[in-house]
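**Q** Mind folding the following:
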Amino acid sequence: MKILHRIANALPGELLSRLDRYLPEGSSELLFPLPLRNELFLRKVLRRGDGVVFVSSYPRSGNTWLRKLLADLMLQKNGRQTDTTLPIHHDKLIPDRDFNAVAEAERLPHAPGLTVKTHDRIETIQKLYPASRRGEVRHIYIYRNPADALVSHYHFHLRYEHLADKLGNTGVDAFCLEQFDSWKEHVESYLEAFEGGEEAIFILSYEQLSENAVPLLLELCEWLDFPVEPGQAERAVEHHRFKKLQQKEAVDPVNEEELFFRKGKVGGGREELQTSTLEELDRRSEALLRRGDACLGSRIS
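**A** Numbers count the residues shown, from 1 in each chain. Below is the predicted model of the structure:
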């Protein structure tokens with residue numbers, strides 16, 4: 001998957017656009033793998049001036065939880081009854097650009113526009129559109145304390161055999177220390193873009209969403225020009241509490257020992273790491289987390 005993304009990103013945007021433009025209708029679906037089809041489709045959407053919202057994060061930082069909350073609110077705004085099991089799956093409303101066909105996303109009349117999940121750094125997303133179109137692209141970025149995000153990412157690897165094989169004998173402490181730089185570079189890319197003021201970015205933390213979900217969702221939806229009522233936000237939060245998501249997943253788990261919605265607990269990762277590992281992660285992330293905290297109090301629109 002990453003190799004296909006690198007190929008797509010290495011090609012000039014105009015070349016990709018021309019390639020798609022001159023192919024017979026529908027042929028790109030036969031010729032191109034899904035990531036490249038999504039690249040072409042997003043470039044086409046942005047070229048014609050339509051807005052796109054990217055829901056972005058480092059893996060295991062709350063992206064899926066946030067998408068479920070937003071999908072619930074979209075459905076409520078369109079008069080649909082919602083519950084923990086949504087009448088339209090969140091992947092259909094907010095597709096993952098790595099794994100879902102973005103062109104087939106369900107487009108509701110009352111919604112923030114085309115909304116897409118990504119784990120890419122912001123410079124990768126910026127290659128999809130010229131600087132002159134930055135006002136038409138919005139980014140929601142959620143980040144999480146590195147100890148919690150990286151421990152969760154480690155267990156995510158254990159959930160799937162092909163990823164677990166790559167871990168070999170690597171334990172959770174070694175994994176977190178090895179992967180810290182990738183977490184840092186990811187968060188830093190969005191904070192730098194936010195601080196530069198050239199992109200429309202709404203930054204929130206997993207911890208903030210856990211503690212104050214309702215007011216934060218109200219603020220986020222207002223920023224998206226998609227205002228919702230407090231009661232709608234309260235229902236969405238209640239539907240997607242971690243306990244309910246875990247109970248739903250337990251009915252048909254991919255891996256009974258490693259659930260996707262594993263804990264969701266703020267500070268849970270710290271319970272699994274050695275003191276020396278925690279001290280190293282805290283030391284290396286302290287300045288960046290302070291920058292993140294400073295960004296939480298302001299929004300760029």
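**Q** top helix in the protein by residue count?
**A** For the chain, the helix with the greatest residue count under DSSP state H is helix 172-196.
**Q** Just give me how far that helix sits from the chain centre.
**A** On the basis of C-alpha atoms, centre = their mean, to the nearest Å, helix 172-196 sits 15 Å off its chain's mean C-alpha point.
**Q** I'd like the mean pLDDT over it, please.
**A** For helix 172-196, the per-residue pLDDT values average out at 96.
**Q** Give me every residue in contact with the following helix or strand past that helix, excluding its own residues.
**A** Once the chain leaves helix 172-196, the next helix or strand it forms, by DSSP states H and E, is strand 200-205. Strand 200-205 is contacted from outside by 134-135, 137-144, 190-191, 193-194, 216, 220, 223-224, 292-293, 295-296, 299-301, using C-beta atoms under 8 Å, 6 or more residues apart in numbering. C-beta here means a position set from N, CA and C on the backbone, and glycine is covered the same way.
**Q** Please spell out the PyMOL selection for the buried subset of those residues.
**A** Here is the PyMOL command that selects only those of the contacts of strand 200-205 that count as buried (16 or more other C-beta atoms under 10 Å):
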select buried, resi 137+138+139+140+141+142+143+144+190+191+193+194+216+220+223+224+292+295+299+300
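**Q** Could you list which of the contacts of strand 200-205 belong to helices?
**A** Reading helices off these with DSSP H, I get 190-191, 193-194, 216, 220, 223, 292-293, 295-296.
**Q** so which two of those are the farthest from each other?
**A** The largest separation in the ones in helices among the contacts of strand 200-205, counting by C-beta to C-beta, is between Ala193 and Leu216 at 20.5 Å.
**Q** what angle do the longest helix of the chain and strand 200-205 make?
**A** Here helix 172-196 runs at an angle of 140 degrees relative to strand 200-205 (axes from the mean of the first three to the mean of the last three C-alpha atoms, to 10 degrees).
**Q** could you list every residue that touches Arg60?
**A** Counted by C-beta under 8 Å, 6+ apart, Arg60 has contacts 144, 149-150, 152-153, 156.
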